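>>> Need a 3D model of the following:
(one chain, ligands or ions: 2)
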Amino acid sequence: AGARGGARAAGGAGGAGPLGRVGARPVLPQQRSVADAQVLRRKGRLQEQDPLIEFIMGMHATHTSAEAMAKVEDWIAEHIRDPRRSRLSRMVPGVGRFLLPLHLRSALEEYDGFGYLTARQYVPPNFAEIRHVLNIAQVHAVSPHLGLVTFDADGTLYADGAHIEEDSEMIDRIVALLACGVKVAIVTAAGYTEEAAFEGRIEGLLMAFRSLPESVWSNFYVMGGECNYLLRVVERHAGEGHPREGGGGGGGAFGLEFVPDEEWKSPEMRSWSDADITRLLDQGQAALLEAADRMQLEVQLVRKERSVGVVPAVPTVYECLEEITLTAQVQLNGDPSNIPHCAFNGGGDCFIDVGNKAYGIDSLVRMFQMEPKQVMHVGDRFTVTGNDAVAKSKFGILWVANPQETNWYLSILQNDLDHSRGTGGGPPKDARVSEQKVPF
Ligand code: IMP
Ligand code: MG
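Ligands and ions are numbered 1, 2, ... in the order given. Predicted coordinates:
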């Protein structure tokens, strides 16, 4: 990573204009400090864009929620049978594929337990409420088939830039899935060439593995850099170097090791040449910097073996990151190297990665000899500039807004699994009787 100065060096104390940068246009005198920028950075609507959800919201001009959900449930069933000629594909261009029918009528009843949509006469459901109904239906649809759950990391398992700590509730959730025989993989954009960098993000989980049998921890994987680095869990004994210091105790400490490319990368992925990757990243880098320059935004450039990104040096409104990302997407559109890539808005940065999460999840499905309908990907970024969006057209998805929602949906999923696989007692529960506090 190197500092990006460009035409505008970062302003030192005293020499800077109202924005704190030499030569920058004065916009609002208030935008001088981090705290002021926080005030301006209100939550926008850009993170809530989806053709199907918006279509269902629109239906509420003429339909009740019950009527809308009943129709969409039937249209999805028809769409599964004939995706190219379905009514849904005509009415909602870009709707993507569904692998399993979604029982939206009953999901609406479950959501009604908190949202009272069917009783509301004047206030139609908002984007998040429709998302919740679709999510509840998705969890129930996939649970009888479930073989693999893939999790985005930042924004889904932990807050952006954080990591799984020892006391994270997510540890129990992940371990419970693994113990049911479900494979779990974190599929994240974060890419590193050192195992230790990945280990640091899931330290708490690796600690928890120490008291668990191999049949549990061997079902866990990390896919980094979208689809560029696959790691599995290893038990290391004293004197074997990392993993983490202080992880001592009875058995060995747990760490991650890279799985050799031949064991999981498709021939197509292995054919991406270094020269083409360099060309792609050079072109992407130029696009990112051009957009940042245009907005006179000072950024830090991050260049890695398989990615390039920019991180604003000062707090920035989400829309500016969106502009940089869309610039990169448009400019890379005609990229002659034809290397699949993913240019995305990370919320606090913009990155271009080689490949995308669909390649990452596909590789796991192939390695585990599963079918796509056995997979559910849990993520927080499903808009056109989100790096989870590619999963939407190939696998079942759970769209969460934060880690609290992830935890809540996992409690619903676990109820289903406990019932169907006999791993827990009692009758099946639905969303209304989850023991978790509702996060919305
Ligand atoms: P995800 O939400 O788990 O997919 O992680 C996305 C975030 O990972 C980005 O917003 C970046 O902050 C961070 N990140 C770290 N290294 C990389 C990289 O090489 N490519 C893309 N994102 C990265
Ligand atoms: Mg994320």
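
>>> Pull out the buried positions in the helix or strand where A107 lies.
In this structure, A107 is located in helix 104-115 according to DSSP states H and E. Buried positions in helix 104-115, judged by neighbour count with 16 or more other Cβ atoms under 10 Å: 104, 106-112, 115. (C-beta placed from N, C-alpha, C; glycine too.)

>>> Let me know the closest of these to Y158.
Lowest distance from Y158 to those (Cβ to Cβ) belongs to Y111, with 26.0 Å.

>>> quick one: the closest one from ligand 1, how far?
26 Å (Cβ to the nearest ligand atom, to the nearest Å).

>>> check contacts around that residue.
117, 129, 132-133, 136, 431 (Cβ atoms under 8 Å, 6 or more residues apart in numbering).

>>> export the buried residues of helix 104-115 to CSV and tack on pLDDT?
As requested, the buried residues of helix 104-115 are exported to CSV (pLDDT from 0 to 100):
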residue, pLDDT
L104, 98
S106, 98
A107, 98
L108, 98
E109, 97
E110, 96
Y111, 96
D112, 94
G115, 92
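
>>> As a markdown table, these with distance to E319 would be great.
As requested, the buried residues of helix 104-115 are exported to a markdown table (distance: Cβ to Cβ, whole Å):
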| residue | distance to E319 |
| --- | --- |
| L104 | 32 |
| S106 | 38 |
| A107 | 33 |
| L108 | 33 |
| E109 | 38 |
| E110 | 35 |
| Y111 | 30 |
| D112 | 35 |
| G115 | 29 |
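
>>> which residues touch Q138?
Counting by Cβ under 8 Å, 6+ apart, Q138 has contacts 102, 376, 396-398.

>>> can you give me the helices in the stretch 101-250 of the chain?
104-115, 127-142, 169-179, 195-201, 203-209, 214-217 (DSSP state H, counting those that start in this stretch).

>>> Output the helix holding A107 as PDB, restricted to C-alpha atoms.
Below are the C-alpha coordinates for helix 104-115, written out as PDB (Å, rounded to 0.1, in the frame of the first residue of the first chain):
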ATOM      1  CA  LEU A 104     -44.000 -16.500   0.700                       C
ATOM      2  CA  ARG A 105     -47.600 -16.900   2.000                       C
ATOM      3  CA  SER A 106     -46.400 -18.600   5.200                       C
ATOM      4  CA  ALA A 107     -43.300 -16.500   5.500                       C
ATOM      5  CA  LEU A 108     -45.600 -13.400   5.500                       C
ATOM      6  CA  GLU A 109     -47.500 -15.000   8.400                       C
ATOM      7  CA  GLU A 110     -44.300 -15.500  10.300                       C
ATOM      8  CA  TYR A 111     -43.100 -11.900   9.700                       C
ATOM      9  CA  ASP A 112     -46.600 -10.700  10.700                       C
ATOM     10  CA  GLY A 113     -45.700 -11.800  14.200                       C
ATOM     11  CA  PHE A 114     -43.500  -8.600  14.400                       C
ATOM     12  CA  GLY A 115     -44.500  -6.400  11.500                       C
END
